[in-house]
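Colleague: The following comprises the amino acid sequence and a computationally predicted model.
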Amino acid sequence: MGFKSVFEELNVFSKCRQYKLSLWQCPQFLFLIMGAVIIATAITTYGLGTRYFIVDPDTVSLIVFTITVVLFIITFSIVRSMEGLAEASKLKSEFINIVSHQLRSPLSNLKWTTEVLSSGDFGELNQKQKEYFKILQENSDRMGELINDLLMASRIEGGGLPLNKVGFSLTNLTEEIINELKVLAEASNVTVSFKPPESLPQAFGDARMVKVVVENLLDNAVRYIKEKGDVYINLKNSGSKLLFEIRDTGVGIPKEDQKSIFQKFFRSQNVLKYQTQGSGLGLHITKSIIEKSGGKIWFKSKENKGSTFWFTLPIKK
């Protein structure tokens, strides 16, 4: 190992940037902190031992040296394990990024080819052929959504999701998304009710990212209603923040699953039973965006009764 390699290994800030971790999450920085704590503890123990407990300084030194070595070994083992986890997390994020980007190109070609063939320019299609092309298009769309979710989750983990915070109308954004998902709601026999408040201050955040949040919550509410139901959306001023509420009459979330609902790739057992589409990333992405925006998100739910989600956003001053 050359001098440059040794320097890179000892460069804590460089290693933390490499792992895309903050200082307090970085294994090398934590090792330095623990080392300083152990040395301070050793010096304090030696001073107390020679002054109050043991007369012989050599005996105190031996005891302090033994304790210090044991603590350093334990600390080193823990930090090396953390470093291994950080390296694995980094490799996983890089793998997701590479695979997702590589999938985008052939997926775009597949969608374009499907659209051309199903257009009828190369001959009239019979009913069966139209059904097959529709299945191809739907699955291409699902794969595209999954790739986008994977990329966004990876960017959030790596701290690569900068937010362009400006003032915007949460009311207008909500109405826009309701209109975009109107076809899905009608096809699912779901009525979406939203009465815009007469006067509401502007929210402060990245409108593009908040749109992802509202889309995820409304899409979930509609998809997790079976046969027929309702979704109610409310907005109101809550002190220094805006409060968004969405309530549905869907399948709800089992009590034992509620603690894991914001985890990556997690899907409730009752949702899997209904074979509802989804990657298990939507709520994880939603929570990350809201927290990065300076708000918070929470929910309550009862199985077979429905769910209510709330989130807050800062108000533009």
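Modeller: Cool, the structure landed.

Colleague: Low-confidence ranges, the stretch 51-200 of the chain, go.
Modeller: Applying pLDDT under 70 to the stretch 51-200 of the chain flags residues 52-55, 85-102, 158-160.

Colleague: Just the helices from it, written as ranges.
Modeller: Along the stretch 51-200 of the chain, the segments classed as helices by DSSP state H, counting those that start in this stretch run 57-118, 127-157, 170-180, 182-187.

Colleague: by contact count, what packs against the longest one?
Modeller: The reference is to helix 57-118. Other helices and strands packing on helix 57-118, by 3 or more C-beta pairs under 8 Å, 6 or more residues apart in numbering; DSSP states H and E, are helix 12-19, helix 27-48, helix 127-157. Where you see a C-beta, it was placed from the backbone N, CA and C, and this is true even at glycine.

Colleague: any idea of the mean pLDDT in the first one?
Modeller: The predicted model assigns helix 12-19 a mean pLDDT of 64.

Colleague: Turn the helices of the stretch 51-200 of the chain into TSV, columns for distance to Thr286 and mean neighbour count.
Modeller: Shown next, in TSV, are the helices of the stretch 51-200 of the chain (distance: least, C-beta to C-beta, whole Å; neighbours: other C-beta atoms under 10 Å):
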stretch	distance to Thr286	mean neighbour count
helix 57-118	19	14
helix 127-157	10	15
helix 170-180	13	17
helix 182-187	18	12
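
Colleague: Kindly present these as TSV, with separate columns for distance to Pro201.
Modeller: Converted to TSV, the helices of the stretch 51-200 of the chain look like this (distance: least, C-beta to C-beta, whole Å):
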stretch	distance to Pro201
helix 57-118	37
helix 127-157	27
helix 170-180	9
helix 182-187	27
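
Colleague: can you tell which of those helices is closest to Glu291?
Modeller: Nearest of these to Glu291, taken as C-beta to C-beta: helix 127-157 at 9.9 Å.

Colleague: for the closest one, packing partners?
Modeller: If you count contacts as 3+ C-beta pairs under 8 Å, 6+ apart, helix 127-157 packs onto helix 57-118, helix 282-292.

Colleague: what sits up against the last one?
Modeller: Applying C-beta atoms under 8 Å, 6 or more residues apart in numbering, the external contacts of helix 282-292 come out as 149, 152-153, 156, 161, 163, 206, 209-210, 212-213, 216-217, 219-220, 261-266, 296-297, 311-313.

Colleague: okay, now the domains of this protein?
Modeller: The chain breaks down by automatic domain parsing into domains covering 3-90, 95-157, 166-314.

Colleague: Pro196: what's it in contact with?
Modeller: Taking C-beta under 8 Å, 6+ apart, we find Pro196 in contact with 171, 174-175, 235.

Colleague: Need the max-distance pair from these.
Modeller: Taking C-beta to C-beta as the measure, those span a maximum distance of 10.4 Å, between Glu175 and Leu235.

Colleague: one step back: so which of the helices of the stretch 51-200 of the chain comes closest to Ser240?
Modeller: helix 170-180 (14.5 Å).

Colleague: Mind checking which of the contacts of helix 282-292 are in strands?
Modeller: 297, 311-313 (DSSP state E).

Colleague: Among those, which one has the most neighbours?
Modeller: Highest neighbour count within those, by other C-beta atoms under 10 Å: Phe311, with 25 neighbours.

Colleague: Contact partners for the residue nearest to that residue when sequence neighbours are not counted?
Modeller: Closest residue to Phe311 apart from its sequence neighbours, by C-beta to C-beta, 6 or more residues apart in numbering: Ile297 at 4.1 Å. By C-beta under 8 Å, 6+ apart, Ile297 lies in contact with 262, 286-287, 290-291, 309-312.

Colleague: Only whichever of these are buried, select them in PyMOL.
Modeller: Restricted to buried positions by 16 or more other C-beta atoms under 10 Å, the PyMOL selection for these reads:
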select buried, resi 262+286+287+290+309+310+311+312
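
Colleague: Relative to Ser105, which of the contacts of Ile297 is nearest.
Modeller: Ser105 lies nearest to Thr286 out of the contacts of Ile297, by C-beta to C-beta, at 28.0 Å.

Colleague: Distance of that closest one relative to Leu30?
Modeller: Per C-beta to C-beta, to the nearest Å, Thr286 is found 30 Å from Leu30.

Colleague: Turn the ones in strands among the contacts of helix 282-292 into JSON lines, including pLDDT and distance to Gly35.
Modeller: Listed next are the ones in strands among the contacts of helix 282-292 as JSON lines, based on pLDDT from 0 to 100; distance: C-beta to C-beta, whole Å:
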{"residue": "Ile297", "pLDDT": "96", "distance to Gly35": "38"}
{"residue": "Phe311", "pLDDT": "96", "distance to Gly35": "41"}
{"residue": "Thr312", "pLDDT": "96", "distance to Gly35": "41"}
{"residue": "Leu313", "pLDDT": "96", "distance to Gly35": "42"}
